[in-house]
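*Asks:* Here you go, sequence then predicted model.
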Amino acid sequence: MKSTSDVEGVVNDPKTSACVMDRREFLRLTLMSSAMLAVTGGEFRAAAENAVNSFSALDPLAPGAVRPEGWLRLYLEKQATQLGSQLPNISWPFSAGYWAGEQNEDWWPFEQKAYWIDGATRLALVTGNQQLLEQVETSIRSTLAHADEDGYLGPTAFKDPKLDFNRWPQNVFFRGVAAAYDAGNNPDAVEALRRHYLNDKTSYGKPVRNVTNVEDILWVYAHTGDKRLLELAKTAWAEYLKETKPGADSGDLSPLRVYAATPIDAHGVTYIETAKQPAILYLYTGELEYLRFALAAQRRIFDHHMLVDGIPSTSEYYRTRTSLDSHETCDITDHTWSWGYMLMATGDASWADHVERACMNAGFGAIKKDWKALQYFSCPNQFLATLNSDHNVMEHGGRKMAFQPNPGQRTACCGGDVHRLYPNYVIRMWMKDKQGGLAAVLYGPSRVKITVGAAQQDVEIVQETNYPFEEQIEFTIKTAKPVDFPLSLRIPAWCAGAKMAVNGKAVTMPQVRKGFATLERRFDSGDKVTLILPMRTALTRWPQEGVAVEHGPIVYALAIKENWTPIVEEKFTTAEFPSWNAMPASAWNYGLAVDEARLNDQIKVHRKAMTTDPWIDPAVTLSVPVRTVAGWTLQQNPDDATQQFTPPLPEVTAGDLGATEEVTLVPYGSTHLRVTIFPDVSKG
């Protein structure tokens, strides 16, 4: 292990994406993890009190403790009604009985079905959808009921560890089992998973992605206190590092050993699923070297690969930061999931900022707003999205930019994995601290039921807000009797001048520490805490003289009108859930003509009353000055005159520009086709 000073030299580096607490503060956080809450028949109960000490700064709540409301519930219910429940009726491999008796020699159908099982389980739990829960429980119960004599759970075909991904599907599936258990279901699940891991003869340090099971192994350890599991997790990580060649940066064995000031040359999902494992190990060991490693691995992402919409370029490997660089939808889900663990380990709200930015921009930007289709690859600038317009593979064309119910089809991971994204946002909206308090880490209309304070008293907090479309968030506390507890509210890094009031009376803002303002007081039932987060407009700069516009947590884009054409493809779609070609039906060849020194005069913010569906009819829009750019047209495939692609940003000269005019920008997540990174023509 490195010395304390060595570790602090990394984690306190001003370039590091999260500033973490010092060693003394870490060592103070040795209290028992708080009991998790679950919902069963509308009643909350302690489902799985952790059996071990935790070094976490913040602890998540069980699925179901937080209930979405308002626009957030609308979109989760859309998801549940459409692809969330219908995917097994629409497309293979979700329509097959994987994890319910059906066998296959390949690992990937089990991975893809497991993604949906995990996501649909979480979706059912946060919305209280019992019908959907029963739908996914079929696979969970079947798997738990058919363990081998030695306890092995999963596909028979690769019990023998001979495949590169022979235990990766279990990691994905067991996350769904864990969510269901923490919400009060399948009481034998923990013992079944303990038996599986302790008797399994495979290596969890190799081959690639087996090490991701550290996440599940430590979940079982947290619920049982069986130290053999902790040793198994530590051994797996040590073996993984031994197998990873220092300085070699290729393929799936990415060099996470130390921070290197170089871009990542590795598969996005593999890297981020691996990079979070040492953060989880830190939660149960308190060993700073694990956290140092996790922070260094994350730093490379933010230094070299982050796109404007909050997710790094990962198509499939990490790429550059241009307007055409794209990300796989799996990476939206998996990066936000991993950043949640970074938040738990550090207590630093910057990780919640990252989750919020990704979910409010990249996430909605990859989903058809009726929740009947999504993209495998999406990106800041996409002027068309068809079955042969994937500019990421221009030499032969690709279908992964199109909106489909199962994008990628045989590579069906995104169709399943997308279902975890917004349920996980809801689950992690609130977290508990070690002082018996609550932290509001993600915002949106919702309510939480939990116990707080030294006496673990029941409270309900209702979060009333139209955030991120409005600046005001109101928290109403409901409790049977007065209760003392610290209430921590995230102050996003983009926000200056946050204000707070209690019962309508302005109060001095508490000092913001690690991105949280903590109000410590006795709360009576009916008390209201109001938080105002003023949103500013800003320009951000991107490669190739690109410029983008942001307001608060939202990135704004020019929505291109779509000409949709449905396409039914046997085995993967239906008439009700087709694939879609989307061609542009409005002008998009604009450069942004904003003088940054006059930004607030030139960019006008327009607000209207909150709409029923703010991602279709936004309550906030921006008007901006632009100039048309002559010659900026769709790019043709030189080998196929019928095939077109979204073009890169042009090199602009004054003679290319039209007169200044005004266009309306909408939230990035409101768009399907869009211009987000504009050529900067402010000096044209």
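*Replies:* Perfect, I can see it now.

*Asks:* After the host helix or strand of residue 475, which helix or strand is next?
*Replies:* In this structure, residue 475 is located in strand 472-479 according to DSSP states H and E. The element immediately downstream of strand 472-479 (helix or strand, assigned by DSSP H and E) is strand 483-490.

*Asks:* State the next helix or strand along the chain beyond that following strand.
*Replies:* Tracing the chain past strand 483-490, the next element assigned as helix or strand by DSSP H and E is strand 499-502.

*Asks:* Give me the mean pLDDT for that following strand.
*Replies:* For strand 499-502, the mean pLDDT works out to 98.

*Asks:* let's have the chain start at 389 instead
*Replies:* New numbering, starting at 389: the last item is strand 887-890.

*Asks:* need the next SSE after that strand, C-terminal direction.
*Replies:* Past strand 887-890, heading to the C-terminal end, the next element that is a helix or strand (DSSP H and E) is strand 893-895.

*Asks:* For the strand holding residue 863, which strands pair with it and how are they oriented?
*Replies:* Here strand 860-867 has these sheet partners by DSSP bridges: strand 845-853 (antiparallel), strand 916-920 (antiparallel).

*Asks:* which residues are contacting the shortest one?
*Replies:* Right, strand 916-920. For strand 916-920, the surrounding residues in contact (CB atoms under 8 Å, 6 or more residues apart in numbering) are 859-865, 875, 877, 886-892, 907. The way it works is simple: take the backbone N, C-alpha and C, and place the C-beta from them, glycine included.

*Asks:* Could you tell me the angle between it and strand 871-878?
*Replies:* Relative orientation of strand 916-920 and strand 871-878, computed by axes from the mean of the first three to the mean of the last three CA atoms, to 10 degrees: 10 degrees.

*Asks:* Tell me which stretches of the stretch 439-588 of the chain form helices.
*Replies:* For the stretch 439-588 of the chain, applying DSSP state H, counting those that start in this stretch gives helices covering 458-467, 473-478, 496-515, 518-533, 556-570, 577-587.

*Asks:* next one: the stretch 689-838 of the chain
*Replies:* According to DSSP H, counting those that start in this stretch, the helices that the stretch 689-838 of the chain contains are 717-734, 738-745, 752-753, 801-805, 809-815.

*Asks:* Tell me which of those approaches residue 1001 most closely.
*Replies:* Nearest of the helices of the stretch 689-838 of the chain to residue 1001, taken as CB to CB: helix 752-753 at 11.5 Å.

*Asks:* From the rest of the structure, what touches that closest one?
*Replies:* Identification of contacts with helix 752-753 by CB under 8 Å, 6+ apart yields 697, 766, 1003, 1055, 1056, 1057, 1058, 1059, 1062.

*Asks:* For residue 946, which three-state class applies?
*Replies:* When classified by DSSP: H, G, I helix; E, B strand; the rest coil, residue 946 comes out as strand.

*Asks:* Residue 518: neighbour count?
*Replies:* When neighbours are counted by other CB atoms under 10 Å, residue 518 registers 11.

*Asks:* and the gap between it and residue 650?
*Replies:* In this structure, residue 518 lies at 50 Å from residue 650, with CB to CB, to the nearest Å as the measure.

*Asks:* cool, residue 597 as well?
*Replies:* Counting by CB to CB, the separation of residue 597 from residue 650 is 23 Å.

*Asks:* Settle it for me: which of those two has more neighbours?
*Replies:* residue 597 (24 against 11).

*Asks:* So the more buried one is in contact with residue 558, correct?
*Replies:* No. With contact defined as CB atoms under 8 Å, residue 597 does not count as touching residue 558 (10.4 Å).

*Asks:* residues contacting the spatially most central residue of the chain?
*Replies:* Most central residue of the chain, judged by C-alpha distance to the mean C-alpha position with CA atoms, centre = their mean, is residue 724 at 2.7 Å. For residue 724, the contacting residues are 742, 743, 746, 747, 751, 809, 812, 813, taking CB under 8 Å, 6+ apart as the criterion.

*Asks:* Kindly reformat these as JSON lines and extend each row with distance to residue 834, pLDDT and neighbour count.
*Replies:* JSON lines is the format used below for the contacts of residue 724 (distance: CB to CB, whole Å; pLDDT from 0 to 100; neighbours: other CB atoms under 10 Å):
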{"residue": "742", "distance to residue 834": "20", "pLDDT": "98", "neighbour count": "26"}
{"residue": "743", "distance to residue 834": "15", "pLDDT": "98", "neighbour count": "25"}
{"residue": "746", "distance to residue 834": "19", "pLDDT": "98", "neighbour count": "25"}
{"residue": "747", "distance to residue 834": "14", "pLDDT": "98", "neighbour count": "24"}
{"residue": "751", "distance to residue 834": "17", "pLDDT": "98", "neighbour count": "26"}
{"residue": "809", "distance to residue 834": "16", "pLDDT": "98", "neighbour count": "26"}
{"residue": "812", "distance to residue 834": "14", "pLDDT": "98", "neighbour count": "26"}
{"residue": "813", "distance to residue 834": "10", "pLDDT": "98", "neighbour count": "24"}
